[in-house]
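Undergrad: Pasted the sequence and its predicted model underneath.
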Amino acid sequence: MPAEPTVAVASGKGGTGKTTVAVNLALALSAGRPIQFLDCDVEGPNSRFFLKPRIEASEEVAILVPEIDDSRCDRCGICARVCAYNALAVVPQAVLVFSELCHGCGACALLCPRRAIREVPKRIGVVESGRAGAIRFLQGRLDVGQAISPPLIKAVKEKRDPDLTAVIDAPPGTSCPAVESMRGSDFALLVTEPTPFGLHDLELAAGAAEALGLPRGILINRADGGDGDARIRAFAAGENVPVLAAIPFDRRIAEAYSRGDTLLGLDPGWSAKFQALYEAIRAEIP
Amino acid sequence: MKQLVVVSGKGGTSKTVVTASFAALAGNAVLADVDVDASNLHLLLRPEVLERHEFVGGSKARVEARGCTACGRCRPVCRFDAVSEDGDGIARVDPLACEGCGLCARVCPASAILMEPCVSGEWFVSRTRFGPFVHARLGVAQENSGKLVTEVRKKAREIGEREGRAFLLMDGAPGIGCPVIASLAGTDLALIVTEPTPSGVHDLERIAGLARHFKVRAACAVNKFDINPGNSERIEAWSAGQGIPVVGKIPFDEAVLGSVARGVPLVEASEGPAARGVRRLWDRVREHLA
């Protein structure tokens, strides 16, 4: 087991309570020692509304995109042919760059026989760092209009201090942004809700975490003790993934969330429950 | 045919509940689930699948270990940290990290790296009680969801035009990234479903900015508006300032969860306050689409 594990809080479906769980887990753990919080939901980073960090630094994150030197370019078309993302097009008088399609792979610049392509940084967002009590806070924010978030998520993760326990708030879904957020973590805590939507997307998220080789555990949010809970527990048993905790369905919790309040703020008793959750997580990490 | 996409920025604001109810109320629509990452609309529309197609989103590099001479040229050119070397310097590619750019294969002097097309999902044409339905399932941990969204939209539009449908109703993904951009571009109206929470307010601003960026007209609906009336008023004031009409407010109602558990559109399952709110919302949305 790593001395200081990284726990990624993920879910296929949006709005299941990832941020609620990640924030309260971090708050409960920070009572005893400094820890880190990484908000990797860069398309909608919302943990700051609950942790209320003081932001101390902000850094721009850019990917490299091609710029054509028209004086050298002979429009041979090699760059457009090697681009797997259709981000370059050759027309009779020029080479056009569609930078929003560019993944920044660098193939065009490396393979241009006339060295007519220079790579220039294009901003996609910012990484912000700060503090909230004993929590070292990091978040990425994707600029509106930018399509590609994984490089920004990577930039957030690169700032992680390996000597501290970390909690990652991952984005919803199961494609590149969610996978990039979970990659390299020690554990995936999958937050779900007892509805057919929650169960369906839990299956997807569990598959993504398994593909990454991560140990997994489930938290049922808005649990009501009914058929929905039972279906999730049946799925968990079939997959051999433990259900580590449940948060009951309670309108007061929803109202607290709407005010930017935490569970620990609503009832300090939650602190011990989240610490117990963390111990259960540690026990699952080989 | 008018195209509507239901989006939210923040996840879990009831986009799918709203879209399924619109499908039931419209009567003459073609339906599409453009949240290919975590699609849920089929759980309410209960489609009968008529056609099933593979989706090849791109390709992935694979090293033929026999041909690899351990020259080490491929690893440093990969910008996605997908190439590593074993103890003997033989290259290998992590398929989950590979973005399919093909640069490693091009620089390999021994031609030992192959770019192989990757089936990264499936898409379906289905029949439902409410009209034809195009949906998809992206494979776990796959990329190119934007391309799959474009594929689903194209097929839905084709069917809608052929059958003379009045509306194309699309259930969108959360966020503001590539699949959302692919679902937004060129639609007649983006209905943003938000909720009166700090996250809901913030993500509304982001998705509204995205709609403006792509010159798509937007309207807004506030779900569970009564859970925090103060925030709901803030949303209305902010939207008014941005020229985004608030076309509906849906109250908190446990009937919503009940309808999802039963797997039917809310407006069929309930006559309660949320169902009435969604009916009024559709009337307003239809006016805005006209």
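TA: Cool, the structure landed.
Undergrad: what ranges do the strands span in the stretch 151-290 of chain B?
TA: Assigned by DSSP state E, counting those that start in this stretch, the stretch 151-290 of chain B shows strands spanning B:167-171, B:189-194, B:218-223, B:246-250.
Undergrad: Could I get the buried residue list for the first one?
TA: It stands for strand B:167-171. B:Phe167, B:Leu168, B:Leu169, B:Met170, B:Asp171 (16 or more other C-beta atoms under 10 Å in any protein chain shown). In this view, the C-beta of every residue, glycine as well, is placed from N, C-alpha and C.
Undergrad: With stretch A:144-164 instead?
TA: Neighbour-count burial for stretch A:144-164, counted by 16+ other C-beta under 10 Å, picks out A:144, A:146-157, A:160, A:164.
Undergrad: of those, list those near chain B.
TA: Among the buried residues of stretch A:144-164, the ones lying near chain B by C-beta under 8 Å from any C-beta of the partner chain are A:Val144, A:Gln146, A:Ala147, A:Ile148, A:Ser149.
Undergrad: In TSV, list the buried residues of strand B:167-171 along with distance to A:Leu96.
TA: TSV is the format used below for those (distance: C-beta to C-beta, whole Å):
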residue	distance to A:Leu96
B:Phe167	35
B:Leu168	30
B:Leu169	34
B:Met170	29
B:Asp171	34
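Undergrad: Now render those as a markdown table, adding pLDDT and distance to B:Arg206.
TA: Listed next are the buried residues of strand B:167-171 as a markdown table, based on pLDDT from 0 to 100; distance: C-beta to C-beta, whole Å:
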| residue | pLDDT | distance to B:Arg206 |
| --- | --- | --- |
| B:Phe167 | 98 | 26 |
| B:Leu168 | 98 | 24 |
| B:Leu169 | 98 | 23 |
| B:Met170 | 98 | 19 |
| B:Asp171 | 98 | 19 |
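Undergrad: May I ask which two of those residues are separated the most?
TA: Farthest pair in the buried residues of strand B:167-171 (C-beta to C-beta) is B:Phe167 and B:Asp171. Separation: 13.0 Å.
Undergrad: low pLDDT regions in chain A?
TA: With pLDDT under 70 as the threshold, chain A has low-confidence stretches at A:1.
Undergrad: State the phi and psi torsions of the residue positioned nearest the centre of it.
TA: What sits nearest the mean C-alpha location of chain A, by C-alpha atoms, centre = their mean, is A:Ala170, with 2.8 Å. When quoted as degrees, to the nearest 10, the phi and psi of A:Ala170 stand at phi -90, psi 160.
Undergrad: ok, back up a step: let's have the strands of the stretch 151-290 of chain B in JSON lines, adding distance to chain A.
TA: Output for the strands of the stretch 151-290 of chain B, formatted as JSON lines (distance: least, C-beta to the nearest C-beta, whole Å):
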{"stretch": "strand B:167-171", "distance to chain A": "11"}
{"stretch": "strand B:189-194", "distance to chain A": "11"}
{"stretch": "strand B:218-223", "distance to chain A": "10"}
{"stretch": "strand B:246-250", "distance to chain A": "14"}
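Undergrad: CA-only coordinates of stretch A:178-187 in CSV, if you can.
TA: Taking C-alpha atoms only, stretch A:178-187 is exported to CSV below (Å, rounded to 0.1, in the frame of the first residue of the first chain):
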residue,chain,number,x,y,z
ALA,A,178,-13.0,10.6,-16.4
VAL,A,179,-10.3,8.1,-17.3
GLU,A,180,-7.5,10.7,-17.1
SER,A,181,-8.7,11.8,-13.7
MET,A,182,-8.7,8.3,-12.3
ARG,A,183,-5.5,7.1,-13.9
GLY,A,184,-2.6,6.7,-11.4
SER,A,185,-4.9,6.8,-8.4
ASP,A,186,-4.8,4.1,-5.8
PHE,A,187,-8.5,3.7,-5.4
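Undergrad: Buried ones in that stretch, by neighbour count?
TA: Those would be A:Ala178, A:Val179, A:Glu180, A:Ser181, A:Met182, A:Arg183, A:Ser185, A:Asp186, A:Phe187, for stretch A:178-187 by 16+ other C-beta under 10 Å.
Undergrad: OK, contacts around the first one?
TA: For A:Ala178, the set of contacting residues under the criterion of C-beta atoms under 8 Å, 6 or more residues apart in numbering or on different chains consists of A:Ala10, A:Gly12, A:Ala170, A:Pro171, A:Pro172, A:Ala205, A:Ala208, B:Asp37.
Undergrad: Run through the residues that contact the spatially most central residue of chain B.
TA: For chain B, the residue nearest the mean C-alpha position is B:Asp35 (2.5 Å; C-alpha atoms, centre = their mean). By C-beta under 8 Å, 6+ apart, B:Asp35 lies in contact with B:Lys15, B:Thr16, B:Leu41, B:Asp171, B:Gly172, B:Ala173, B:Pro174, B:Pro179.
Undergrad: for A:Arg160, same thing?
TA: A:Arg160 is in contact with A:Thr6, A:Gln36, A:Leu38, A:Leu138, A:Ala166, counting by C-beta under 8 Å, 6+ apart.
Undergrad: again with A:Glu4
TA: Taking C-beta under 8 Å, 6+ apart, we find A:Glu4 in contact with A:Pro162, A:Asp163, A:Leu164, A:Thr165, A:Ala166.
Undergrad: that older thread, helix, strand or coil for the residue nearest to the centre of chain B?
TA: At B:Asp35, secondary structure determined by DSSP: H, G, I helix; E, B strand; the rest coil is coil.
Undergrad: go on, the one 5 residues further on?
TA: Assigned by three-state DSSP, the conformation of B:Asn40 is coil.
Undergrad: Isn't it up against A:Gly14?
TA: No: at 10.1 Å, B:Asn40 does not count as touching A:Gly14 under the criterion of C-beta atoms under 8 Å.
Undergrad: Ramachandran angles for B:Arg106?
TA: The phi and psi values for B:Arg106, taken as degrees, to the nearest 10, are phi -70, psi -30.
Undergrad: Sort out for me which of the buried residues of stretch A:178-187 are in strands.
TA: Taking DSSP state E, the ones among the buried residues of stretch A:178-187 that sit in strands are A:Phe187.
Undergrad: Let's have the buried residues of stretch A:178-187 in CSV, adding distance to A:Glu239.
TA: Formatted as CSV, those follow (distance: C-beta to C-beta, whole Å):
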residue, distance to A:Glu239
A:Ala178, 18
A:Val179, 19
A:Glu180, 23
A:Ser181, 21
A:Met182, 17
A:Arg183, 20
A:Ser185, 19
A:Asp186, 19
A:Phe187, 15
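Undergrad: Report the residue ranges of every domain in chain A.
TA: A:6-61+A:125-284, A:70-115 (automatic domain parsing).
Undergrad: is the shortest one anywhere near chain B?
TA: Yes: using C-beta under 8 Å from any C-beta, we find that domain A:70-115 touches chain B at A:Val82, A:Ala84, A:Tyr85, A:His103, A:Gly104, A:Cys105, A:Gly106, A:Ala107, A:Leu110, A:Leu111.
Undergrad: If any of these are buried, put those into a PyMOL selection.
TA: For the buried members of the residues of domain A:70-115 next to chain B, the matching PyMOL selection, counting by 16+ other C-beta under 10 Å, is:
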select buried, chain A and resi 82+84+85+103+104+105+106+107+111
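Undergrad: send the alpha carbons of stretch B:258-275 over as CSV?
TA: The C-alpha coordinates for stretch B:258-275 follow below in CSV (Å, rounded to 0.1, in the frame of the first residue of the first chain):
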residue,chain,number,x,y,z
GLY,B,258,-40.8,7.2,-8.9
SER,B,259,-41.2,7.7,-12.7
VAL,B,260,-37.5,6.9,-13.2
ALA,B,261,-37.8,3.8,-11.0
ARG,B,262,-40.8,2.7,-13.2
GLY,B,263,-39.0,3.5,-16.4
VAL,B,264,-41.6,5.8,-17.9
PRO,B,265,-41.7,9.5,-18.8
LEU,B,266,-42.7,11.7,-15.9
VAL,B,267,-45.7,13.1,-17.7
GLU,B,268,-47.1,9.7,-18.1
ALA,B,269,-46.4,8.5,-14.6
SER,B,270,-47.7,11.5,-12.7
GLU,B,271,-50.2,14.4,-12.7
GLY,B,272,-48.2,16.0,-9.8
PRO,B,273,-46.5,19.4,-9.5
ALA,B,274,-43.3,18.4,-11.4
ALA,B,275,-45.2,16.8,-14.2
